[in-house]
Structures are given as C-alpha cells and as structure tokens.
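1. Sequence and predicted model, in that order:
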Amino acid sequence: MSSDFSPVKLRDAPEAALRLLSEAAIRPTMQHVEHVSLSTQVLREIRTAIVLGDLAPGARLTFRDVAQRLKASVTPVREALLQLVAERVLSVGLGRTITVPLLTRAQFLELRVIRVVLEGMAAEAAARQAEPHLADELEAIHRQLDEAKMARNARQATIQNRAFHFRLYEAAALPALYGMIENIWLRTGPYHRYIFADPSKHIFDSPGRKRGAPQHAHRRIIASLRAGRHADVRLAIEADILSGDPIILPQLPEDTSDRVLGLEKSLPDLEMSSRMLLEGKAIPPPQKQTGRPRGRPASRR
C-alpha cells in the first residue's frame, strides 16, 4: 500500500473532520464526522485516498493493514472495502486479495467517454440555475489550483481540481447524477495525479501568460457562467476532460487487438488523438487549424 495513505485517528473526531474539510471540500455536502458511524468515517477515508491517488493502481489492501493505518478496528474496514468492491471501485484478485484496479487504455477510455456524457450534463444543468456567487467560488478554487501547480504540488493540485469539478456538479442539484459521477472519479482517480506531475504540460493563468496562449478550460467555464452561456459551460468541461488523454494514456498498458477493435466499434466517435494513443502510436505535432471539429474548444490542463 502506498505510504501516502496517512492514518487518521478516528477516535479524535473533530481533528479528523477538520483535516477532511481542509482538503478543499472533497465532498462539499459532507456531514460532520462526529454525526456519522465509524464505518462511514472509514469508508470516506478510503474513498479520499483512492480519488486523490494516495493508493496507487495495483496497490494491495488487507483488512488488518488498513485498520492499523486508520487506527480503527477490522470490522468497519472490512465493511468499507467490501462495499467498494461491490461498487467496482476495488477488485478482488487471486487469493481473494483486494486491490486498486490497474486499468488498460481501453478501460480508461470507456470510463472517460462516460465522464464526458455525465459531467457535461451536470455542468450544463448547473449553469442553468447557477447563483451569481458560483462563478466567484470556482474562481477562488481555480486560483488555488494554479498556486498548487506552480508549487509543483501534484497532490494539492489534484485536490483543487476535484473541488472545482464537484462544486460545479453540486450546483446542478441532481443527486443521482452526482453520485454516478463520484463513482467514475473513484475508478479513474488513481490516475489523475499523472496530469499534474509535469508542470510543462500545464496551462497557467498567471500575469506572465503569453498573449494568444490557450486559456485554461476552467477559465472558460467561469466566463461562460458569468455570461449565462449554458452550452459553452458544457463544451468547456468536455474539453477539460479530454485534455487528460495525452498525459494519462501513455502510462497505461495496451490492450489486445480484439479489445481495441471492440472499443472502436462501440465508440466510433473516439477523438483521433485518443484513438492513436489507444493503439500505441505517437501523436503528430499540432498543425495550425482554422476551426475546431464538433465545436469543442481545445484544452490542456
């Protein structure tokens, strides 16, 4: 198990609550820890460790080890891990070992396509009923994201990036949709920190940004919210999700040719860059274009 999975003294509920809430509202609607059961506390801690990448892909989890790290008894840990297995966030391997799944490129792309659909829907729904202060809140979160990236703090950048997305989705007031998006993020979360590991691949919204340089998708979301352009919020969130492919996919194992063919048949609209990365090919240097296909703005994180 990753050494970053830090223990939490669950018997000291107020301190645990403060630590969770300080991580940029991992779940803004979270109850105070003292008002929930021990099993729920354990489940939240493990979920947080997964979505932030503190538990690396392939990490093996045992009831006893997790219980020792969380200073909890084995029973609530067992309940939490088995619930995450049932949700397909964790998997059971040989010898009934529970692990953080290793995704292949095809598996990741399937989940990414689902993210585009669900998160695009949530973003546009949020834009349709957003209060004026939502844009201000998102701007403050994005400023912290920029600060974390410039400090080369990949974990904090991951925290702030997730806080930005889920504050937007929370505003949609669609709890069933929110829950579906949470599950997908848990399944892809261990890979999100790759996005922030290399500062050269980021867009920084700083005073030194060159004229004509691409604007971060988060900034387009904020501007579109202020202008009441609902559809543009959806397009910008889609671009933000797609921007992770060139960074994450090369880190993942390739699939068999049959799996690649099956994915392409099921999802014929896979973008060209994703298709090339899926097949293990290098992406050619970008060429100057007069327009963007399908109306989606280009973006990098």
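-> Arrived safely, thanks for sending.

2. Next up, the contacts around the residue lying closest to Y169 once chain neighbours are set aside.
-> In this structure, Y169 finds its nearest non-sequential neighbour in A122, 4.3 Å apart by C-beta to C-beta, 6 or more residues apart in numbering. For the C-beta atoms, the positions are set from N, CA and C on the backbone; glycine is no exception. By C-beta atoms under 8 Å, 6 or more residues apart in numbering, A122 lies in contact with 168-169, 172, 174, 177-178, 181.

3. Check what pLDDT H192 gets.
-> Listed pLDDT for H192 reads 83.

4. R219 and H142 touch, don't they?
-> Yes: with contact defined as C-beta atoms under 8 Å, R219 counts as touching H142 (7.1 Å).

5. to the chain's geometric centre, what's the distance from the helix or strand where I159 lies?
-> Per DSSP states H and E, I159 falls inside helix 154-170. The chain centre lies 8 Å from the centre of helix 154-170; the measure is C-alpha atoms, centre = their mean, to the nearest Å.

6. same deal with stretch 142-162?
-> The answer for stretch 142-162 is 13 Å, by C-alpha atoms, centre = their mean.

7. same question, stretch 106-115
-> With C-alpha atoms, centre = their mean, you get 12 Å for stretch 106-115.

8. outside of that stretch, which residues touch it?
-> Identification of contacts with stretch 106-115 by C-beta under 8 Å, 6+ apart yields 103, 181, 184-185, 187-188, 191, 241-242, 244-245, 248-249, 252, 255, 259-260, 262-263, 267, 270, 274, 278.

9. For it, buried residues please.
-> 106-109, 111-115 (16 or more other C-beta atoms under 10 Å).

10. Kindly report the same for stretch 51-66.
-> Under 16+ other C-beta under 10 Å, the buried positions of stretch 51-66 are 51-56, 59, 61, 63, 66.

11. can those residues go into CSV with extra columns for distance to R234?
-> Shown next, in CSV, are those (distance: C-beta to C-beta, whole Å):
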residue, distance to R234
V51, 23
L52, 26
G53, 27
D54, 31
L55, 31
A56, 32
A59, 34
L61, 36
F63, 42
V66, 38
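
12. Low-confidence stretches in the stretch 1-150 of the chain?
-> Low-confidence segments of the stretch 1-150 of the chain (pLDDT under 70): 1-36.

13. where along this structure do the helices fall?
-> 13-22, 38-51, 63-70, 74-86, 105-128, 132-150, 154-170, 175-188, 217-227, 230-242, 245-248, 257-266, 272-278 (DSSP state H).

14. among these, which is nearest I98?
-> helix 74-86 (5.4 Å; C-beta to C-beta).

15. From the contact counts, what lies against that closest one?
-> helix 38-51, helix 63-70 (3 or more C-beta pairs under 8 Å, 6 or more residues apart in numbering; DSSP states H and E).

16. which residues are in contact with that helix?
-> With C-beta under 8 Å, 6+ apart, helix 74-86 has contacts from 37-39, 41-43, 46-47, 50, 61, 63-64, 66-67, 70, 90-92, 98, 186.

17. switch to 7 Å and redo it
-> 38-39, 42-43, 46, 61, 63-64, 66-67, 70, 90-92, 98 (C-beta atoms under 7 Å, 6 or more residues apart in numbering).

18. No further questions, thank you.
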